[in-house]
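Engineer: coordinates for the following, if possible.
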Amino acid sequence: MYRCAATILFFLTSSLFGAAQSSPPLLTTRMHGYLNNLEYFKEYMEGELLLGTAGETKITYTPHANITLEAGVYLRKRAGDDAFISHIAPILSIAYTQGGYTATAGSFSSDHGIHEALYTPEQRYKEEYDEGLKLSWNIPEAFSGSIWAVIKREHSPKYLENLHVGTRLQAFLQNTTLEGALLWNHYGGQQYSPEGQYMRDNITGNISAEQRVPLSGTFPHTLLIETTFLGSLATPNRRRIDPEYGMGGILRCTGLFPANIHASYQFYRGENYQTWTGFPLYETDSPYHVLEIGRHRLLGEHISVSWGARFDILDIDSGIADYFDDTEHLVWFDISTTLVRPLKGLAP
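Structural biologist: Now for the predicted structure:
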């Protein structure tokens, strides 16, 4: 089946770009197993367990030095879901690259590298591909960035539209990384929405600075010190009146140890700050402490494994609250394998 699809893709494009400049198609197969157990104690829900397997297979074809085409399928199966396949989506994209810039139309990874305070990290277990337009650029060891526009849900009589636009910029100065990001999320619509229908617009962003401090002959061998300022603007009604402004700050220190082990402490304090989905970060304005430890390991050439735990503590009135009150605790485990091989039989 893959060879048939690659053959069709090759012959459809070779006539447009010329077979002499093309390279053999590549077949990429990736499998990903995950456990993401988030425990939290709120009025509406106590925790969320994400357990399942995801896989994708795609053909990448470069008919021209500047053109890359991808076609494939993405599948995900959640444990406990009665459906045979929990989610299936096509992978279809065309990308044009020139001088460090890449413009992509179609499918691309939903991991845009933005700060976790803007975008729920657990989202990657639910949607691994976005559909829309993306422009990215990279000047090695100097500057990188991207801007994208994604339609999460098309507007129809059954669903309200969900649009997501974002940008992320990074600058590299020796051992310091500067980062800024801005996200806009629109949920709701006009055509099929009654007067009382819920609609929101959220804008959230961050400015961060991370300092890398090598520590020769010590344990850990490297420290990462991060300072992040957060801001948000939410209009939770269709008339966009009474906007809600929020702000917050994060201070995080991470130690990098041998065997790819990391441990970090994070302090957060905010005032009415909301993430891109419209929910307050950690649902609190009180001081919030986060302890995390994890490890990433490569098993051979094609398999990677990561695991870890995160423990949160809420500080109320300068005193440490009960361990389980109004906080989140996370345990995760991921294993993935990626295989890439050329389809030499289809080489021009």
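Engineer: distance-wise, check residue 257 relative to residue 215.
Structural biologist: Distance from residue 257 to residue 215, counting by C-beta to C-beta, to the nearest Å: 11 Å. In this view, the C-beta of every residue, glycine as well, is placed from N, C-alpha and C.
Engineer: again with residue 52
Structural biologist: Per C-beta to C-beta, residue 52 is found 39 Å from residue 215.
Engineer: between these two, tell me which one has more neighbours.
Structural biologist: More neighbours surround residue 52 than the other of residue 52 and residue 215, with 20 against 12 (other C-beta atoms under 10 Å).
Engineer: which of the helices or strands spans the more buried one?
Structural biologist: Secondary-structure element containing residue 52, defined by DSSP states H and E: strand 48-64.
Engineer: check which residues of that strand are buried.
Structural biologist: 50, 52, 54-64 (16 or more other C-beta atoms under 10 Å).
Engineer: quick check on the residue most central in space within the chain: phi, psi?
Structural biologist: The residue lying closest to the centre of the chain (C-alpha atoms, centre = their mean) is residue 111, at 2.7 Å. Dihedral pair for residue 111: phi -90, psi 100, per degrees, to the nearest 10.
Engineer: could I get the pLDDT score of it?
Structural biologist: pLDDT recorded at residue 111 is 85.
Engineer: likewise for residue 39?
Structural biologist: The model's pLDDT for residue 39 equals 80.
Engineer: I'd say residue 145 and residue 137 touch.
Structural biologist: Yes. In terms of C-beta atoms under 8 Å, residue 145 counts as a neighbour of residue 137; the distance is 5.8 Å.
Engineer: now stretch 179-192: how far from the chain's centre is it?
Structural biologist: Distance of stretch 179-192 from its chain centroid, counting by C-alpha atoms, centre = their mean, to the nearest Å, is 16 Å.
Engineer: cool, and stretch 174-194?
Structural biologist: Offset of stretch 174-194 from its chain centre (C-alpha atoms, centre = their mean): 13 Å.
Engineer: list the buried residues of that stretch.
Structural biologist: When burial is assessed from 16+ other C-beta under 10 Å, stretch 174-194 yields the following buried residues: 177, 179-189.
Engineer: how far away is residue 129 from residue 299?
Structural biologist: Relative to residue 299, and taking C-beta to C-beta, residue 129 is found at 25 Å.
Engineer: ignore what I typed, I meant residue 276.
Structural biologist: Relative to residue 299, and taking C-beta to C-beta, residue 276 is found at 35 Å.
Engineer: so which of the two has more stuff around it?
Structural biologist: Neighbour count, other C-beta under 10 Å: between residue 276 and residue 299, residue 276 has more, with 22 against 10.
Engineer: just to be sure, that one is in a helix?
Structural biologist: No. According to DSSP: H, G, I helix; E, B strand; the rest coil, residue 276 belongs to no helix; its state is coil.
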